[in-house]
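S.K.: here's my sequence, what's the structure:
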Amino acid sequence: MANLNKVILLGNLTRDPELRFTPNGSPVAKFRLATNQRVRQQEEWKDEVCYIDIITFGKQAENVAEYLTMGNLALVEGRLHWHEWEGRDGQRRSKYDVVASTVQFLSRPNGDGRGAEPSGLPFREDLDDVPF
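M.R.: Just a heads-up that it's a prediction; the model follows:
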């Protein structure tokens, strides 16, 4: 049986990436992406925000840490990863995150710490009213 584990996300960084190194010196960058989805609640549209933790490795991790900042728009492709650990209190914890294979930088910082709005991106109409 074939399997597929692929995630594609477009969103804004909620904080600056954090760069660390494994014991053997390999770079690892972590950041959180916020994605929005518009949903209709009764007669008005509301934004639902989903926060996703992203992990990337190697040269890409170094580039993410150097060039991305809070507020930047990024396109992330990768795979969903289940992570389990034991907390300081001895409790088992778990969560999903995305291990990025590709991170595309779609906006640049504009000097005030927030990402600039991208230009030339196609408009996405809401698909909730599509009849299929």
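
S.K.: next secondary structure after the helix or strand harbouring residue 80?
M.R.: Assessed by DSSP states H and E, residue 80 sits inside strand 73-86. Where DSSP H and E defines the elements, the next helix or strand beyond strand 73-86 is strand 92-105.

S.K.: quick check: buried residues in that next one?
M.R.: Neighbour-count burial for strand 92-105, counted by 16 or more other CB atoms under 10 Å, picks out 97, 98, 99, 100, 103. Backbone N, C-alpha and C define where each C-beta goes, glycine included.

S.K.: so can I have CSV of those residues showing pLDDT?
M.R.: Below are the buried residues of strand 92-105 laid out as CSV (pLDDT from 0 to 100):
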residue, pLDDT
97, 95
98, 97
99, 97
100, 97
103, 96
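
S.K.: which single one of those residues is nearest to residue 67?
M.R.: In terms of CB to CB, no member of these lies closer to residue 67 than residue 103, at 9.6 Å.

S.K.: thought the closest one was touching residue 56?
M.R.: Yes. Counting by CB atoms under 8 Å, residue 103 touches residue 56, with 6.0 Å between them.
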